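Chemist: need a structure here:
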Amino acid sequence: YNDGGIFSGMLNAPGNDMRFYLERVEGNRNFGNKLWNAARFILMNFEGEDIELDIDLKELTSADKWILSKVNRLAKDVTDNMDKYELGIAVQKLYDFAWEEFCDWYIEMVKPRLYNKEDASRKAALWTLKTVMIQILKMLHPYIPFITEEIFMSLQEKEESIMISSWPTFSEAWDFTNEEDEIELLKVAVRAIRNLRSEMNVPPSKKAKVFVVSQDQETIDIFEKGKVFFSVLSYSSEINIQKDMKNIAKDAVSVVVPKATLYIPFEELVYIEKELERLEKEKLKLESEVSRVDKKLSNEGFIAKAPTKLIEEEKAKREKYQIMLNEVLERIAFLENNIK
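Modeler: From the prediction side, this is the model:
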């Protein structure tokens, strides 16, 4: 893309010399691809729908209002930065929002609604996708003019060019602070579950039942409203939202989020026998590494001839392997207790 080099340069602070790196250009090419893919996804789901559909803001869900409110504030912040000639700061905000909030979060949130043609909120999701994408394109246009113009013309028919379109401005009607707080809580919960699964080496393909326990009715309502996409993003087979510990196994693992605790039955996360088998192999491997380093450090010839730096490196390796081995042994003991 011609836009790749332009965008790459704008990510540098004004006044600073910048060494050319092909990797930086490739990284911004990837961002261009991200925009193309998001646009294709939106257009694919608009098939059979009016591209210029309009809705009442009352029809929006909490997720729709969250992303609309975020891009609304982004327009204000980016405009302020540009007015102060803080072009690098402005484009970094746009880059982060487009990639993370819009593509990685919102698009994933609305997929269940888009794939269900009977979902009453499907049109609201389509309108929000297109509206937010157009706002992003307009703000990115000074940095990547060719890609943004091409996508803009595919997404709408009202304005003849992005170059003479209206610039995004802050709108009180799009300011949904409460919904922002709601979705941010659900994002914290999704991250907490994903981190827990990662620590336990649970693949995304293995779905697990999740219990959300809270005494706060407002928090319960938030999880109820976001239940569909929360289930998808947290790789859950079932979401149970309740005020007590009823039907939650004693061995359930838990993570705490603001005003709620999330529980996942241990047996839902791990095939204990398979995990034990994997850990036993890991244990043997680490024991071998510890033994190898011990032999080297006990070799008088090595100690006498090796530089001090090399000896210290070997000692650091030994400490690292021992810590990892201890963690594996603790994990094995924990799993064996759960089998009993």
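Chemist: tell me which residues in stretch 299-314 are buried?
Modeler: 306, 314 (16 or more other C-beta atoms under 10 Å). From N, CA and C alone the C-beta is placed, and that goes for glycine too.
Chemist: hmm, who's touching that stretch?
Modeler: For stretch 299-314, contacts defined as C-beta atoms under 8 Å, 6 or more residues apart in numbering pick out 293, 296, 297.
Chemist: now do stretch 126-140
Modeler: Outside stretch 126-140, the residues that reach it (C-beta under 8 Å, 6+ apart) are 35, 38-39, 42, 45-46, 49, 51, 53-55, 60, 64, 67-68, 71, 74-75, 78, 90-91, 94, 97-98, 102, 106-107, 110, 114, 148, 151-152, 155-156, 162, 165-168.
Chemist: filter the contacts of stretch 299-314 down to just the buried residues.
Modeler: The neighbour-count test (16+ other C-beta under 10 Å) marks 293, 296 as buried among the contacts of stretch 299-314.
Chemist: ranges for the helices of this protein?
Modeler: 2-10, 22-45, 62-83, 87-96, 107-115, 122-140, 145-155, 177-199, 217-225, 227-233, 266-269, 272-297, 300-305, 308-339 (DSSP state H).
Chemist: could you say which of these is packed most deeply?
Modeler: helix 122-140 (a mean of 22; mean count of other C-beta atoms under 10 Å).
Chemist: what angle separates it from helix 62-83?
Modeler: 10 degrees (axes from the mean of the first three to the mean of the last three C-alpha atoms, to 10 degrees).
Chemist: got the angle between helix 122-140 and helix 87-96?
Modeler: Taking the same axes, to 10 degrees, one finds helix 122-140 and helix 87-96 inclined to each other by 160 degrees.
Chemist: angle of helix 122-140 against helix 107-115?
Modeler: 140 degrees.
Chemist: hmm, back to that, so which of the helices of the chain comes closest to residue 247?
Modeler: helix 266-269 (12.7 Å; C-beta to C-beta).
Chemist: for the closest one, packing partners?
Modeler: strand 208-213 (3 or more C-beta pairs under 8 Å, 6 or more residues apart in numbering; DSSP states H and E).
Chemist: now the strand it packs on and helix 177-199, what's the angle there?
Modeler: Using the same axes, to 10 degrees: strand 208-213 against helix 177-199 is 130 degrees.
Chemist: give me the contacts around strand 208-213.
Modeler: Counting by C-beta under 8 Å, 6+ apart, 189, 193, 197, 202, 220, 223, 231, 234-245, 247-248, 252, 260-265, 268-269 sit against strand 208-213.
Chemist: out of these, which end up buried?
Modeler: 189, 193, 197, 202, 220, 223, 231, 234-236, 239, 241, 248, 252, 260, 262-265, 268-269.
Chemist: for the nearest residue to residue 186 once chain neighbours are set aside, grab the count of nearby residues.
Modeler: In space, residue 186 comes closest to residue 226 once its chain neighbours are excluded; the distance is 4.7 Å by C-beta to C-beta, 6 or more residues apart in numbering. Applying other C-beta atoms under 10 Å, we find 24 other residues in the vicinity of residue 226.
Chemist: check contacts around residue 226.
Modeler: So residue 226 contacts 62, 63, 182, 183, 186 (C-beta under 8 Å, 6+ apart).
Chemist: distance of it relative to residue 232?
Modeler: 10 Å (C-beta to C-beta, to the nearest Å).
Chemist: ok, now residue 152?
Modeler: On the measure of C-beta to C-beta, residue 152 and residue 232 end up 30 Å apart.
Chemist: now swap in residue 142 and tell me
Modeler: Taking C-beta to C-beta, one finds residue 142 at 35 Å from residue 232.
Chemist: what do you get for residue 122?
Modeler: Distance from residue 122 to residue 232, by C-beta to C-beta: 15 Å.
Chemist: hmm, residue 79 is touching residue 167, no?
Modeler: Yes. Using C-beta atoms under 8 Å, residue 79 is in contact with residue 167, at 7.4 Å.
Chemist: could you dump the contacts of stretch 299-314 to TSV with pLDDT and distance to residue 335?
Modeler: Output for these, formatted as TSV (pLDDT from 0 to 100; distance: C-beta to C-beta, whole Å):
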residue	pLDDT	distance to residue 335
293	92	27
296	91	32
297	91	32
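Chemist: okay if I get the contacts of stretch 299-314 as TSV plus distance to residue 337?
Modeler: Output for the contacts of stretch 299-314, formatted as TSV (distance: C-beta to C-beta, whole Å):
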residue	distance to residue 337
293	30
296	36
297	34
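Chemist: just give the number of residues close to residue 143.
Modeler: Quick note: residue 143 (other C-beta under 10 Å) scores 21 neighbours.
Chemist: that one contacts residue 93, correct?
Modeler: No. At 11.7 Å, residue 143 and residue 93 do not qualify as touching, with contact defined as C-beta under 8 Å.
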